[in-house]
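1. Sequence and computational prediction follow.
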Amino acid sequence: GAEREVYQGNQLPAGADRDAQKEYLQAHMQFDGEIPEVLRKDPNKQWREQDEFQAVMAGIEERRAFLDEMVAAGKGAEYEATINAQISDQIRELEAIDKRKSQEEAQAAAQQAAQAQQAQQPPPPEAPPPEEAPPPAEDAPP
């Protein structure tokens with residue numbers, strides 16, 4: 001029989017950052033393949049946190065709108081407990097994001113304070129030059 005090639009999976013090149021690849025693909029999917037220039041140039045942590053916060057908020061609004069539609073359709077009781085549980089989960093997620101952001105800001109402020117304190121400290125005084133040995137006395141016998 002013919003030898004079959006064994007599937008090796010989708011291998012990333014050596015040294016590739018999996019997290020960076022995941023973020024790129026998430027942004028690619030989120031923006032329908034048109035990644036905004038801002039995200040392409042500087043995919044730093046701040047936009048991710050802000051984006052994550054906004055995504056959770058949008059999810060909460062989406063669930064509230066769905067629940068309102070179900071109430072209007074007369075099926076509110078059927079979905080209310082589930083949707084409210086999902087909303088409360090997302091509120092806890094928002095609180096966790098906020099707590100993490102506050103901790104990171106506190107750490108950054110502490111680092112800045114430490115750097116400012118180091119900058120304000122005067123440099124250590126220079127050591128005095130070593131004393132020279134006195135010249136030999138001229139009236140001393142050889």
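-> Nice, I can see it.

2. for the longest helix anywhere in the chain, packing partners?
-> Assignment by DSSP state H gives helix 76-120 as the longest helix of the chain. Where contact means 3 or more Cβ pairs under 8 Å, 6 or more residues apart in numbering; DSSP states H and E, helix 76-120 is packed against helix 45-72. Heads up, the C-betas are built off the backbone N, CA and C, glycines and all.

3. Counting by contacts, list what the helix it packs on packs against.
-> helix 76-120.

4. Run the angle between the helix it packs on and helix 45-72 for me.
-> Angle of helix 76-120 versus helix 45-72, following axes from the mean of the first three to the mean of the last three Cα atoms, to 10 degrees, is 160 degrees.

5. can you give me the mean pLDDT across helix 76-120?
-> Helix 76-120 comes out with an average pLDDT of 87.

6. now do stretch 126-142
-> Stretch 126-142 comes out at a mean pLDDT of 64.

7. Over to stretch 25-37?
-> For stretch 25-37, mean pLDDT rounds to 75.

8. Likewise for stretch 54-64?
-> 88.

9. Now tell me what touches that stretch from outside.
-> Stretch 54-64 is contacted by residues 83, 86-87, 90-91, 93-94, 97 when judged by Cβ atoms under 8 Å, 6 or more residues apart in numbering.
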